[in-house]
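Undergrad: Please work out how this folds:
(2 chains)
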Amino acid sequence: MKSVALQNKRTSVLLKGLTLLLFFAFSISSFSQDIDEARHKEGRTLFRSLCASCHKLDKKLVGPALGGVEERRENSWLKSWIKNNAEFQKVNAEAAQAALYSTSAMNAFPQLTDTNIDDILYYTTVGEIKKVPAAGETTIGGNVVVDGGAPSWVIYFLAAAIIVAFLMIASLLKQVNELKGKKKADSKSNLKRDLQELWAGVKKNTFLKILLVIFLVLMGIYLFFGSLMTIGIDQGYQPIQPIAFSHKIHSGENKIDCQYCHSSAKHSKHSGIPSVNVCMNCHKAIAEVAEGTELEWNGEIYGKERLDNEIAKVYDAAGWDPEERVYTGVEKPIKWIRIHNLPDLVYYNHAQHVTVGGIECQKCHGPVEEMNEMYQYSPLTMGWCINCHRETNVDLKGNDYYAKIHDELATKYGVEKVTIAQLGGLECGKCHY
Amino acid sequence: MALNKKYWKSVEELKGSSVVETLTKNEFVSDIPTEDFLGDKETLETSSTTRRDFLKYVGFTTAAASLAACEGPVVKSIPYVVKPNDIMPGIADWYATSVADGFDFANVLIKTREGRPIQIMPNKEAGGTTSARVQAVVLSLYDEQLRLKEPTKKGAAISWVDADKEILEKLNSLKEANTQVVLLSGTMASPSTSKVVEDFIAAYPNAKHVIYDAISEDAAVDAFEAVYGRRALPNYSLQNAETIVSFGADFLGDFHGGFEKAYVAGRKPETGKMSYHVQVESNMSLTGANADKRLIAKPSDVVFSLLNLYQELSGKSVSLQATPIDAEIKKLAKALRKAGSKGVVMTGINDKNAQLIALEINTLLGSEILDTSNTLNIRQGSFEKVQEVVSDMKAGKVGGILTINTDPSYTLPNAAEFTEALSKVDLKVALSVENNETVNAMEYALPTTHFLESWGDTQFTESGYGLVQPTIQPLFKTRQLQDVLLKWSGSTEDYYDYLKSFWTTNILDGSSWNKALHNGFYTKNINASGNLKSTSIAISTVVSALKESIKTSAMELNLYTKTGLGDGKQANNPWLQEFPDPITRTSWDNYLTMSMADARELGFSNPVKDNGAINGDYAKVSVNGVSAVVPVMVQPGQAKGSVGLALGFGKTFGLKEEMKVGVNAYPLYSGGQNIQYNVTIDKVAGTHKFACTQVQKTIAGRHDILKVVSLKDYNTVAPKDHKNGWNKPAYVSYDHKEVEAKTIDLWEEHNRDMGHHFNLSIDLTSCTGCGACVVACHAENNVPVVGKDEVRVGRDMHWLRIDRYYSSEVETREDAKELGLSTAATYQALETEAENPEVTFQPMMCQHCNHAPCETVCPVAATTHGRQGQNQMTYNRCVGTRYCANNCPYRVRRFNWFKYADNNEFDFNMNNEYGKMVLNPDVVVRARGVMEKCSMCIQKTQATILTAKKEGRPVNTDEFETACSAACTAGAMVFGDVNNKEDEVTALAEDKRAYHVLDYLQTKPNVVYQVKVVNTNEA
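TA: Alright, predicted model coming up:
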């Protein structure tokens, strides 16, 4: 299930983006009711800050769904209930009955004025106003930097060689023409003939032949080795995951710390894929994505409905019944596909880099907070590791482990800062055992 | 004067066999048979593969390989649904628990990774020790081949519910009929299980519990009970002993579970004092190999000499039989008398009267070494009782039999009789972890949990309690043994609750259960009054009964257990099968050990083949009409007129084909007696192929590889003294002058004072050769098992081996020539010397030379030197030229001739989904064609450093460890950082006993040995 070459990927993303753009350009804006927007906004803000942790408009959460609640209860009844339901229960039998809905009691909100409550109720009656996101908001997978293959000087060198060769050929062509005694005017408009003449000239000239052969051989070797060197390098690897999980939504938009989910990164060699119970810490309360959320996943656009479906997959794995709000005990592990695969012969430890080295996750994993679909950002080649070990200074301050060795090394190398390499970070046995 | 001896490794070497000589000089054991191959025109022509075809195949496979390389495999990563709080993927968890499998008992720590136990280490806080077998028991957990996976009835699967119902019905009807039901088990040494069994018997009064040990030590138990009134084994505080005399008691091996730790603690030369240990025995045992003085006598003479010693010490005339070692026994009596209460006598003769004599001698000496208060509970079996069961069964008196993790159909001398008698039993239930012959003969086979999956408790000594806790979810449809019995007794209680309340009421004296569980042990205060009162016994009756039991004969057999397989319970464990016997250095076999004189007389020999392997002749051993055909191994140090044979081999039922090795000696074990008289030996046709690592690695005449000094010289002579020093530095000739070798060097010196610098110190005085380190290394470093055929040709993969050297005064024909001996006299001299050689063990692994010859010759820089002193081997860089192995003076590099994982040709644990669960995830499994060797556990040193870095602190003193040093309970191996002045190893590296092997080569190893000190001060 490896993704195709990156270039293809890029084109397809571009094309799909374009299609999307067209689609949204022609879509028609659809809201047209008369609503008191100020009241609605006020009510929505209050609802979201005070009520949303237990109530939704269209679904039951801890408490019942509140959409159109005024149709079911008197306004005054609701006000008394909201302000202090415990007191209200003592005097109102209906309220006492209503309290049996859930085992957890509802908070009292004495701070709310009647206007506040009316605003909230107005919001519950009107509901969410459907808004269509602007086309520009469509999310598209992050850019991928291709960094690999041959070093740049080789390319410059080859380019220069090509230009020189071309110039030489051109001048030779000119000479040939002149030797043949032909006028320039004749050759002006006939490219085909020119090329034929060039070919004939090349065929006659041994030096040119040798030059051409050398050029072709060098070029061939370059291409051949270039392609060999990419074997086993999976930079850009973006397999299709079983759940359309967007790092952009979680880490980028909601600013969840990487190590909240990948908690073993600071302790262990593995960064760890979070267990489903970690997902449930939040998703117990978040059963659906925000209105209008869309993301591109594996070349398709996932709207709210599909994304809610993806959250349901988490519930399925955890054995969580969102209706009854209980765990059924039927658990199904999620089979993620591992993106960053180091060969067995390498020992890599996250804790060493994250906790001791204090390296940001993004340094190796790229702008994860911008990625909907996760992919391998770095080449993960030995050269890439080694370069970093050569260039990076180790922050030895504040860690007593380094106290003694730092002084010794600083004296030995006569430097203030010590690189990982100087600490022995280039020794084979440090990573291969 | 230092003991300037020469060392030899095999009888063939001693004889000066031409093959061994060739091997000493030649790099390769044999030429590559190109001539044979190309010269055989017929085969070449009939071969269906033409040159063109061959090229096609090559082309195709190359293309296929390159294509396959372009697409990586898709790797799934499946996290927990609900992650347990205490599991962090990638971080090891350690649990304290206990091993009690009926033969091996130990307080241990279990290393688990992601919920899988992968290694066992001694629980040093609890005073725990591990042997090679205990180290290896973690692999038996994953023995998918042998473990019972679900309850079966007559071979067909049955649910636990149905099995319960049917068995309960039968139990109740037997109870009503008041027909005998027998619970047959090995020693469990578990107080709560004993209570569970009591409860069972209370529920079924017709039931009785019979304990039976495959390897019987019931004579010692009976004798102790007779004198001291407690059914237990005496303990021995050898750390305080001045003189230890053992009559065939292999107390560094399996005698009373082993006393290695205490023994070594009493032999520290730094204190200026060491115990003086004399071993009187007929087989060369591990204990005898470590003794200061080893007296050899055939088994009957060993018994007589015990009586003689008693006569000397008591002054009563008891023995009239003269033995060849009478003079020595007189000296011994003197030494013991001098030691007085610090002297002790032990005997391994499984005869109640012999044991009573030994106890009587200790009473005469007033021995404080014999500990009668903190007695041992690890052998409770009675051979007599189990024989009673067999006869009851035959008589049809037994209505039901429940066997609990025991295999009488294999381990009883009259196993066939037992199996046959089973047909007369109505209810036959086997509760067992593993499948075996007994289980197979039963009607119901019910799988119980492995101890690593179980709850439980232990009481090895009177005061030493231990707890067993599960470290993995049960792998198969098993049920805890105690839960089965509780359920059948009609209790609804869970065994865990039962255990907890049992401990709270009876053992813990109010201290915390959680703490005891965390520690894995609890030491109870035992009666302060201490030793038990002895009752006097009628010694003259004992003496005459003992004398009567001795039936001196021309040939006598001494049965013993090997360090590797013990009683044979773990015969399907490839680590133990491949583990070379410490004495013979032979793996995958048992054999008849025979003295050189007997071998010559009877015409047995061990010729060395040109590929370095040794062969043996077969002998038919007959005792009391039972006979077995066994290959013969000529054993220096074996008493003339005696042969030795190891029990625990020849098990075949359910085992993998490769593991069906050796000969079952249990049929010869009549009466549970380890000594059998009236043995006849006949040579039979056939040649046996041994897998022996003995001859393959000769030391090429470098006799100074070992240094041994007597305690007297150690205390009085200056170690570096140019003339008499016992730890002289090497001298070489430079510019026609003799200079110290260390002044000349091929390599440039580096500054090694920065950061960490690791050293491993190995004390040859403390090393008993037990081999726990060898198996620990296997487990830690994913060392592959290669099988008998490969070991035979010298391709064993052990990163750590324990070389065993014999030494004597006349070594080779050259020596004899110097002494001017005639040919006949030469042979005689060689043989006499070899009859009772001294033995020295030397653990040998990569020496991590600072100036490593291997690093210099690697063409691809695959082996390089780390700044921390480790010689690093980069497998992915290695192209397999093997130059490094050729240039290594220590012969410690191992080449992967084959792919040892996922290969049906090597069907061991790495070719099995279950067996692979034991692999250490921090160490790579090496591919074919690369060199490997000891890494000084770089994964462990790196992990220790990382822990310190994460916690922002320097590495603690003595925090660094290797697998071998952690497993070594004798404390012979000490690992650490010599740049930390506080580390124990720093002082050891500078010790006056410290030396480097082959120091004149100036390889500057980071492994430092401590000169062996022996106590030759007799009396």
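Undergrad: Give me the spatial nearest neighbour of whichever residue of the stretch 801-950 of chain B sits closest to chain A, chain neighbours excluded.
TA: Chain A sits closest to residue B:872 of the stretch 801-950 of chain B, with a gap of 2.9 Å, by Cβ to the nearest Cβ. The way it works is simple: take the backbone N, C-alpha and C, and place the C-beta from them, glycine included. Once flanking residues are discounted, residue B:872 sits nearest to residue A:429: 2.9 Å by Cβ to Cβ, 6 or more residues apart in numbering or on different chains.
Undergrad: Could you count how many residues lie near residue 178?
TA: Using chain A here. Residue A:178: 11 surrounding residues under other Cβ atoms under 10 Å in any protein chain shown.
Undergrad: meant chain B, my bad for not saying
TA: 9.
Undergrad: what helix or strand is it on?
TA: Using DSSP states H and E, residue B:178 falls within no helix or strand.
Undergrad: Provide a list of residues in contact with it.
TA: residue B:206 (Cβ atoms under 8 Å, 6 or more residues apart in numbering or on different chains).
Undergrad: what separates it from residue B:870, distance-wise?
TA: Using Cβ to Cβ, to the nearest Å, residue B:178 is found at 70 Å from residue B:870.
Undergrad: ok, then the element right after the longest helix anywhere in chain B?
TA: In chain B, assigned by DSSP state H, the helix with the most residues is helix B:51-70. Proceeding N to C from helix B:51-70, the next assigned helix or strand is strand B:76-77, under DSSP H and E.
Undergrad: Partner strands of that following strand, with direction?
TA: If you go by DSSP bridges, strand B:76-77 pairs up with strand A:336-337 (antiparallel).
Undergrad: List the contacts of the helix or strand that the strand it pairs with is followed by.
TA: Downstream of strand A:336-337, the first helix or strand assigned by DSSP H and E is helix A:350-351. Here helix A:350-351 makes contact (Cβ under 8 Å, 6+ apart) with A:264, A:265, A:266, A:267, A:268, A:269, A:270, A:271, B:946, B:950.
Undergrad: one more time with 6 Å, if that's ok
TA: A:265, A:266, A:267, A:268, A:271, B:950 (Cβ atoms under 6 Å, 6 or more residues apart in numbering or on different chains).
Undergrad: do stretch B:497-512 as well
TA: B:192, B:455, B:465, B:513.
Undergrad: now with 10 Å?
TA: B:190-193, B:195-196, B:199, B:455-457, B:459, B:465, B:467-469, B:482-483, B:486, B:491, B:493-495, B:513, B:515-519, B:522, B:524-525 (Cβ atoms under 10 Å, 6 or more residues apart in numbering or on different chains).
Undergrad: In it, which residues are buried?
TA: Buried residues in stretch B:497-512, counted by 16 or more other Cβ atoms under 10 Å in any protein chain shown: B:498, B:499, B:500, B:502, B:503, B:507, B:508.
Undergrad: quick one, helices of the stretch 201-350 of chain A?
TA: A:206-229, A:247, A:258-261, A:276-283, A:304-318, A:350-351 (DSSP state H, counting those that start in this stretch).
Undergrad: Mean neighbour count and distance to residue B:336 added to those, as CSV?
TA: Listed next are these as CSV, based on neighbours: other Cβ atoms under 10 Å in any protein chain shown; distance: least, Cβ to Cβ, whole Å:
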stretch, mean neighbour count, distance to residue B:336
helix A:206-229, 12, 77
helix A:247, 20, 79
helix A:258-261, 17, 68
helix A:276-283, 18, 68
helix A:304-318, 17, 73
helix A:350-351, 23, 59
